[in-house]
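In: Any chance you could fold what I've pasted below:
(chains A and B)
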Amino acid sequence: MPRRVRTLILVALAALLLAVWAFPVLWALLTSFKTERDVLAYPPTLIFEPTLRNYRDVLFGSASLLPNLASSIIVAGVSTLATLLLAIPAAYALARLEFPGRRVSGFYILATQMLPPVGLIIPYYLVLQKAGALDTYWGLIVIYLTFSLPFAIWLMVSYFEDVPREMEEAALLDRAGRVRALWYVILPQVRGGIAVTTIFVFLNAWNEFLFAVVLGGNRVRPVTVAMFNFISVEQTLWAKLAAGAMLAMAPVILLGLLAQRHIVKGLTVGAVKGARR
Amino acid sequence: MNSPDAPPPNPLAARGEREPSASETGEKPRARTAGRVSLRGIVKRHGSFTALHGVDLDIEPGEFFALLGPSGSGKTTTLRIIAGLEPHDAGRVLLDGDDVTAREPGERDVAMVFQSYALYPHMSVFDNIAFPLRMVGAPRDDIARAVRDAAAKVRIDHLLERRPGQLSGGQQQRCALARAIVRKPRLFLLDEPLSNLDAKLRLETRVELRKLQRALGVTAVYVTHDQEEAMTIADRLAIFMEGRIVQVGRPQEIFARPASALVAAFIGSPPMNLLPAEVRGGALHVAGITLPIERPLGGDGAVTLGVRPAALRIGTSGLPACVELVEHMGDTTIVDLDVAGTPMKLRTDQAPAVREGDEVRVSFAAAAMHLFERDGGARRDP
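Out: Numbers count the residues shown, from 1 in each chain, chains lettered A, B, ... in the order given. As a prediction, this is how the structure comes out:
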C-alpha cells in the first residue's frame, strides 16, 4: 500500500476517533450557550441565538457553583499536595533503600488498587461516621489519599529506579548526605515524574464523584456532586448542567494542555531503558 | 612512588576543616603522609554467596594501586567497601590509621570516578565540579577559583557552561575527574574509568591520568579487568580471583614471578602458556619427552609447566609441535602451536620461517620456565 494512502487512512481513523470522543464535549459546549427552550427543541437546532445566561446563573445565581468549585479546589489541591509529600519519600525508599519487606510492601501498595471503590464505600462511611469526619474536608481528603497515595507511589517508584544509583552514590561521596542528595541530585531528575503524578492525582481527585457524593454533604460538596442539583425529579436543566460541566472541565483541560508533554512521556516511562527524559 | 613535582597550590587547604596538619604545614604533606589504605579481613557475602573471603591489603600513601581481576572477582566490591558505599560483613577499613569502617561515605574524604562517570545531568559542568565544594559550604570565590583550576588541569575549562549531555565521552570522563580532584581528597577511587572510551583515547587518557595523579601526589586505587592497563599504569597491583587476593606486587614482579598458575594465565598478552608436565627423578617429562633441565625442579609430582610466549624458540630440539596459525601483527608475530594436544602461543619479533601445518620443535631457556603444582596451582620455587 502506498505510503500516502496509508497516511490518509490513519488520519481518517484518527479523525473519526477524535470525533466520537469530542462529540459529547462539543454538544455540551453548544448546549451551554442555549436557552432551556432551545435545548429541548426537536429536531435539535444547530443555529440558535447564543446566550451567556447559563454561565451567569451557575456562577452568580442562586444555585452558584462557585462555592463548589472552591470545594473541589480544596479537596483536590490538598489531597494532591499531601499525596506528593508522602509519596515522594515513600517511592524513593522503595526504589533505593534496603529494608526488610521491601518487595512485599511494594506488592501490597499495588494490591490496594485492586479493590473496587464500591466495595469500600460502606466501610469508609462507617469509619468516617465513627470518627465524626463525614462532610468534612479532612475526612474526604484522607479517603482520597487511600487511593491516590498507592497510585502515586507506584508511579514514582519507576521514575526513581530510572535514576542511576551511581549518581546518588557520587553525591553521597561528595558529602551531600541522603537528604541533600535527594534534593539536589535525585529530585531534579524525576521532576517529569512529579509533574505527571501531580496531574494524575489532581485530576483523579477533581473528577471523583462516588466518594464525594456519599461521604460529603452540605459543607463539603465538590462541583461534580453539586451539578447534580440541576437534575431533579421534575425537570433537568440541561443548559445549566452543560455550563456547569464546562466550568468544571476548564481546569482539567488547562492542566492537561500545560502538562501534555510530561504526560505523554510519563506513559512511556521505562519503555526504553536509559532513555533520557 | 613519590611525586617528583611539587603539588599545585591548594586553594582550599587553608580552610583546613578536615585535615589541620595539612593546612598547617602548607602544600606538600599529602603525598607522603595521607592516603594510606589498610583493609583487614574484609568479608562480604551476598546471601549464601561469598564475594570476598577475608581480604587484607595495604596501600601506601601516594601510590597508584590497581585492583586487577576478571569480572566477578571482587575488585569493584573492594573499592566500594573502601568508599563506604557497600556494607560488608566482617573486617575493618583503615584510612591513615583511622578505623573508618562505621563512617558514612561522605565522612571518609575520598573521591570516586565511576565507570559511568555519574555526572549530574541537570547541572552544568561548572556546577558538577562545584558540587562537592558547595556541599561543604566553601566560599563562593574559592569555589569559582577551585573549579577553574580543576577544569584547567583536565583541559575542560572551555566547557564549563555546557551540560554533561553536550560533552563527548572523553570530556565527560574529564569532567568526572575534575569533580574528583577539585576537593583535594586524600584518596582517589577509580572504577574502570577508561572502559567507556575508545581504544585510542583510552591509551592517551591512561597516560594523562598517571601524570595527573603524580602531580597531585594523591593515593589512587584503580579497578580494572584489563591486565595491560593495570601493568602499565600502576605502581603496585593486587590480583583478585574469586573473592581473594592471590598476589600483590609491582607489575614487573608479578610478571616475572606469578604466584600461581591462575595468575600466570591472566597476566601478559598473550598470557603464559601452561602445559601439564611431571617431575620424576629430577627430570621434567612433558608431552612424552624428557627435557634436560639445568636447574633444581623440586620433588617428584604432577606439575604445570609455564612458559611465556616470548620465551619460546623454534628450533631443531625441544618439544614437538604443529603450527596451526601464524598471525602477523606488524612488528611482532604470534604463532599458534599445538603441543601434544595443548594449544600454545609463541611470540617473536622476527618473521618466523614457518607455515601453517609445519611440524616443528620448540624450546625455551631453563630460566624462562615457571613451575606450578598441578594440584592447586601454587608456584613451585626452584
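
In: Give me the three-state assignment for A:Leu255.
Out: With DSSP: H, G, I helix; E, B strand; the rest coil as the basis, A:Leu255 sits in helix.

In: Please work out which residue of the stretch 251-382 of chain B is closest to chain A.
Out: B:Phe266 (27.0 Å; CB to the nearest CB). From N, CA and C alone the C-beta is placed, and that goes for glycine too.

In: what about that residue, neighbour count?
Out: B:Phe266: 23 surrounding residues under other CB atoms under 10 Å in any protein chain shown.

In: List the residues that contact it.
Out: B:Leu68, B:Gly69, B:Pro70, B:Gln227, B:Ile239, B:Met241 (CB atoms under 8 Å, 6 or more residues apart in numbering or on different chains).

In: Just grab the bridge partners of the residue nearest to the second one when sequence neighbours are not counted for me.
Out: What it means is B:Gly69. Of all residues not flanking B:Gly69 in the chain, B:Phe240 sits nearest, at 3.2 Å (CB to CB, 6 or more residues apart in numbering or on different chains). Note on B:Phe240: beta-bridge partners by DSSP bridges are B:Ile245.

In: From chain A, how far out is B:Phe240?
Out: 21 Å (CB to the nearest CB, to the nearest Å).

In: How confident is the prediction for that residue, by pLDDT?
Out: Taken from the predicted model, the pLDDT recorded for B:Phe240 is 96.

In: burial of it, as a residue count?
Out: So B:Phe240, with other CB under 10 Å, has 26 neighbours.

In: now swap in A:Lys240 and tell me
Out: 24.

In: Check the spacing between the closest residue to A:Gly217 other than its chain neighbours and A:Val39 real quick.
Out: Sequence neighbours aside, A:Asp135 is the residue nearest to A:Gly217 in space, at 3.1 Å (criterion: CB to CB, 6+ apart). Counting by CB to CB, to the nearest Å, the gap between A:Asp135 and A:Val39 amounts to 33 Å.

In: Could I get the contacting residues of B:Gln172?
Out: By CB under 8 Å, 6+ apart, the neighbours of B:Gln172 are B:Tyr117, B:Leu119, B:Pro164.

In: Would the worst-scoring helix or strand of chain A on mean pLDDT count as contacting chain B?
Out: Averaged element by element with mean pLDDT, DSSP states H and E, chain A has its least confident helix or strand at helix A:102-111 (a mean of 78). No. Judged by CB under 8 Å from any CB of the partner chain, helix A:102-111 and chain B are separated, with a smallest distance of 14.5 Å.

In: ok, and for that helix, which residues are buried?
Out: Neighbour counts over helix A:102-111 (16 or more other CB atoms under 10 Å in any protein chain shown) mark A:Gly106, A:Ile109 as buried.

In: how far is that helix from where the chain is centred?
Out: 23 Å (CA atoms, centre = their mean, to the nearest Å).

In: who's in contact with residue 112?
Out: Reading this off chain A. Counting by CB under 8 Å, 6+ apart, A:Thr112 has contacts A:Thr146, A:Phe147, A:Pro150.

In: I was thinking of chain B, sorry if that wasn't clear
Out: A:Glu169, A:Ala170, A:Leu173, B:Leu79, B:Ala83, B:Ala180, B:Phe188, B:Leu189, B:Leu190, B:Asp191.

In: out of these, which are inside strands?
Out: B:Phe188, B:Leu189, B:Leu190, B:Asp191 (DSSP state E).

In: okay, these in JSON lines with pLDDT, neighbour count and distance to A:Trp238 next?
Out: Output for these, formatted as JSON lines (pLDDT from 0 to 100; neighbours: other CB atoms under 10 Å in any protein chain shown; distance: CB to CB, whole Å):
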{"residue": "B:Phe188", "pLDDT": "93", "neighbour count": "24", "distance to A:Trp238": "74"}
{"residue": "B:Leu189", "pLDDT": "95", "neighbour count": "26", "distance to A:Trp238": "71"}
{"residue": "B:Leu190", "pLDDT": "95", "neighbour count": "26", "distance to A:Trp238": "72"}
{"residue": "B:Asp191", "pLDDT": "94", "neighbour count": "22", "distance to A:Trp238": "68"}
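
In: What separation is there between the residue nearest the centre of chain A and A:Val78?
Out: Nearest residue to the geometric centre of chain A (CA atoms, centre = their mean): A:Leu203, 1.4 Å. For A:Leu203, the distance to A:Val78 equals 15 Å [CB to CB].

In: Kindly report the same for B:Ala199.
Out: Counting by CB to CB - B:Ala199 and A:Val78 are separated by 58 Å.

In: So what's the residue count around residue 62?
Out: With no chain named, the answer covers chain A. 5.

In: Wait, chain B was what I had in mind.
Out: For B:Gly62, using other CB under 10 Å, the count is 24.

In: where's it, which helix or strand?
Out: Assigned by DSSP states H and E, B:Gly62 falls within no helix or strand.

In: Repeat that for the one 4 residues further on.
Out: Under the assignment given by DSSP H and E, the secondary-structure element containing B:Ala66 is strand B:64-68.

In: B:Ala199 and A:Val78: which is more packed in?
Out: More crowded of B:Ala199 and A:Val78, by other CB under 10 Å: A:Val78, with 17 against 7.

In: I'd guessed the more buried one sits against A:Ile141; true?
Out: Yes. A:Val78 lies in contact with A:Ile141 (CB atoms under 8 Å); the separation is 5.3 Å.

In: Which stretches in the stretch 251-382 of chain B count as strands?
Out: Per DSSP state E, counting those that start in this stretch, the stretch 251-382 of chain B carries strands over the ranges B:273-280, B:283-286, B:289-291, B:301-307, B:313-315, B:319-328, B:333-339, B:342-348, B:359-363, B:369-373.
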